[in-house]
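1. have a look; sequence and predicted model below, questions after that.
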Amino acid sequence: MEGYAFVTKEPLLGPVVLALRVDVPGRKEQLWLGEEQDVEAALRGKERPLFLAQTRPLGAFWCEFGQTAAEGWTEAIWALSDALTAKKRSQREEREQAAAQLLSQQAEGNGTNAAAWYAAIQIWEMYLRCRRGRDSQQAAQALRNYAQLLTLPFGQYTPEMVHWLRDKPVIPVWNDRRDGKLEVWYPQGQTPFECAVVKDSLRPALIYYRQRILDAGLLMRRCSQCGRIFFGPDARSTLCSDRCRKASRKAAKRQFDGRAKGKDYEQAYDREYMFWYNRITKLKKAGAPPEQIGRAQAALKEFRKEALIRKQQVKEKKLPATQFISWMIGQEAVIEGICGE
C-alpha cells in the first residue's frame, strides 16, 4: 500500500475508485482504494500499489462514516476555489498549501477512515484537473459543486446510526440521480464475490452497504468488552469477536477467584499494573531501544490515568466492576504489542 501526497502535480491518468465488499456470512468487510486499473487488478489477486486496502469487522465502514465530522471540508474546498481564481502566483500557492494541509488533516486525522481518504483524494484530483481550464470562474464553480457532492453525506447519517443502535426504526437517507451512480463488479478469481464500486458520491455505497446488512437481518450492537459497535444476529449478541469473548471469560474467572478476599476490582487493578510494570522491566533488561521503552512508559502512564478514572467510577457505582476488569484485561494487548510479544 502506498500513500497519497497532496501536492501540485499532474492529475492521475485513471479515475480513483473505492471498492467495497460486504461479506455478511464471514462478518467482515473489505475495502480497496486506488486508481481504477490497480483496484481491478487487486480484486483479481494481483499485487498493485493502492492508497488503502483493508479487511475489517463488518460494520466498520458504516460506523466510521457516521462518526466523520462534517466540519473542516468547507474551508479546504474554498481554499482550492480561491487558488483557481487567484491572480498572482504567490496567492495561488498560498491557498494550495492551506488546502493541502486541511485535506491532509481530514484524511490522516481520521486514521484509516476510507471515506475521508476517498473524499480528500477525489477533491484534490478534481482541483488538479480544474487547473487546466481556461475559464477560472467556471472551473472554481465545477470544483465546488463536485466537492459538495462528495462531502454532503458527512454528518447526515449520524442520526440514523444512533436510531439503529437504540433499536428504533431506521430513518432512511436516500439519494437522487446526480449521486446515484454505483457499479457492481464480480472479479474473476478462485472465490467469486460481489463488489460495489464508486467513482463519485459515496452515498450509493452507503445505501448498498446498509441494505445488505438489513437484508441479512443483522442488528447493530455495542461490544460490552471493548465498546466497539458491531453487527450481530440478534439482541443477545454482546461480544464482537473471539478476542473479546476470550477476554470476557478470562475476566469472569479472575473475578471468581478474587471474591474470596477484598475488593476484586482493586486486586485486579494491582495485578494489571504489575503486568505492565513487569513487561517494561523486561524490556529494560533486554536492552531494548530507548524509543521503545519510552513508548511503553507513555502507554503505562495513559493506562494508569484511564484506569484510575474508571476505578473511581466503580467506587461510585457508576460503572460495573466486571466491565472495569474486562477493560483492563483488554488493554494488555497494548503493552504486548509495544513489547513485540
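-> Cool, the structure landed.
2. going by C-alpha atoms from here, please, whenever you check contacts or count neighbours.
-> Fine.
3. residues in contact with the strand or helix carrying Phe231?
-> With elements delineated by DSSP states H and E, Phe231 resides in strand 229-232, which encompasses its position. Contacts with strand 229-232, where a contact means C-alpha atoms under 8 Å, 6 or more residues apart in numbering, come from 27, 57-60, 63, 218-223, 240.
4. what average pLDDT does it get?
-> Across strand 229-232, pLDDT averages out at 77.
5. check the offset of it from the chain's centre.
-> The chain centre lies 15 Å from the centre of strand 229-232; the measure is C-alpha atoms, centre = their mean, to the nearest Å.
6. quick check: buried residues in stretch 6-24?
-> Buried residues in stretch 6-24, counted by 16 or more other C-alpha atoms under 10 Å: Phe6, Val16, Val17, Leu18, Ala19, Leu20, Arg21, Val22, Asp23, Val24.
7. go on, stretch 140-150?
-> By neighbour count with 16+ other C-alpha under 10 Å, stretch 140-150 contains the buried residues Ala140, Ala142, Leu143, Arg144, Tyr146, Ala147, Gln148, Leu149, Leu150.
8. ok, residues contacting that stretch?
-> For stretch 140-150, the surrounding residues in contact (C-alpha under 8 Å, 6+ apart) are 77-78, 80-82, 84-85, 119, 123, 126-127, 130, 179, 200-202.
9. among the buried residues of stretch 140-150, which are in helices?
-> Secondary structure from DSSP state H places Ala140, Ala142, Leu143, Arg144, Tyr146, Ala147, Gln148, Leu149, Leu150 of the buried residues of stretch 140-150 in helices.
10. can you redo these as CSV with pLDDT and distance to Lys305?
-> Below are those laid out as CSV (pLDDT from 0 to 100; distance: C-alpha to C-alpha, whole Å):
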residue, pLDDT, distance to Lys305
Ala140, 92, 49
Ala142, 93, 49
Leu143, 92, 46
Arg144, 92, 45
Tyr146, 90, 45
Ala147, 90, 41
Gln148, 87, 41
Leu149, 85, 42
Leu150, 86, 39
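11. the stretch 101-250 of the chain: strands as residue ranges?
-> For the stretch 101-250 of the chain, applying DSSP state E, counting those that start in this stretch gives strands covering 183-185, 195-198, 219-222, 229-232.
12. what strands line up against the second one, and which way round?
-> Spelled out, that is strand 195-198. Strand pairing for strand 195-198, using DSSP bridges, gives strand 16-23 (antiparallel), strand 183-185 (antiparallel).
13. quick one, which of those gets closest to Tyr208.
-> strand 16-23 (9.2 Å; C-alpha to C-alpha).
14. contacts for that closest one?
-> Outside strand 16-23, the residues within contact range by C-alpha under 8 Å, 6+ apart are 28-36, 39, 58, 118, 122, 193-199, 205, 209, 212.
15. show the buried residues in those residues.
-> Once neighbours are counted (16+ other C-alpha under 10 Å), the buried part of those comes down to 28-36, 39, 58, 118, 122, 195-199, 205, 209.
16. which parts of the stretch 51-200 of the chain are helices?
-> Taking DSSP state H, counting those that start in this stretch as the criterion, the stretch 51-200 of the chain carries its helices at 60-66, 73-85, 89-108, 114-130, 136-151, 158-165.
17. now those helices as CSV including distance to Lys246?
-> Converted to CSV, the helices of the stretch 51-200 of the chain look like this (distance: least, C-alpha to C-alpha, whole Å):
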stretch, distance to Lys246
helix 60-66, 21
helix 73-85, 41
helix 89-108, 32
helix 114-130, 29
helix 136-151, 40
helix 158-165, 24
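18. can you flag the weakest of those by average pLDDT?
-> Of all the helices of the stretch 51-200 of the chain, helix 158-165 has the smallest average pLDDT, which comes to a mean of 62.
19. quick one: the spatially closest residue to Met126 that is not a sequence neighbour and Leu84, what's the gap?
-> Across the structure, with C-alpha to C-alpha, 6 or more residues apart in numbering as the measure, the residue nearest Met126 apart from its sequence neighbours is Leu143 (6.5 Å). For Leu143, the distance to Leu84 under the criterion C-alpha to C-alpha, to the nearest Å works out to 9 Å.
20. overlap in contacts, these two.
-> With C-alpha under 8 Å, 6+ apart applied, the overlap between the contact sets of Leu143 and Leu84 consists of Cys130.
21. look up phi and psi at Gly59.
-> Per-residue torsions, Gly59: phi 110, psi -20 (degrees, to the nearest 10).
22. who touches it in this structure?
-> When contacts are counted by C-alpha under 8 Å, 6+ apart, Gly59 is found next to Lys28, Glu29, Ile229, Phe230, Phe231.
23. sec struct for the second one, please.
-> State at Glu29, reduced to three classes by DSSP: H, G, I helix; E, B strand; the rest coil: strand.
24. beta partners for it?
-> The residues paired with Glu29 through beta bridges, assigned by DSSP bridges, are Val22, Arg56.
25. same question, the fourth one
-> Taking DSSP bridges, one finds Arg221 as the beta-bridge partners of Phe230.
26. where does the protein dip in pLDDT?
-> Counting by pLDDT under 70, the chain has low-confidence residues at 1-2, 110-111, 155, 157-176, 178-179, 189-191, 255-263, 341.
27. report the longest helix in it, please.
-> When every helix of the chain is counted residue by residue (DSSP H), the longest turns out to be helix 290-315.
28. same for that helix, what does it pack against?
-> Contact partners of helix 290-315 among helices and strands, from 3 or more C-alpha pairs under 8 Å, 6 or more residues apart in numbering; DSSP states H and E: helix 264-285, helix 321-330, helix 332-339.
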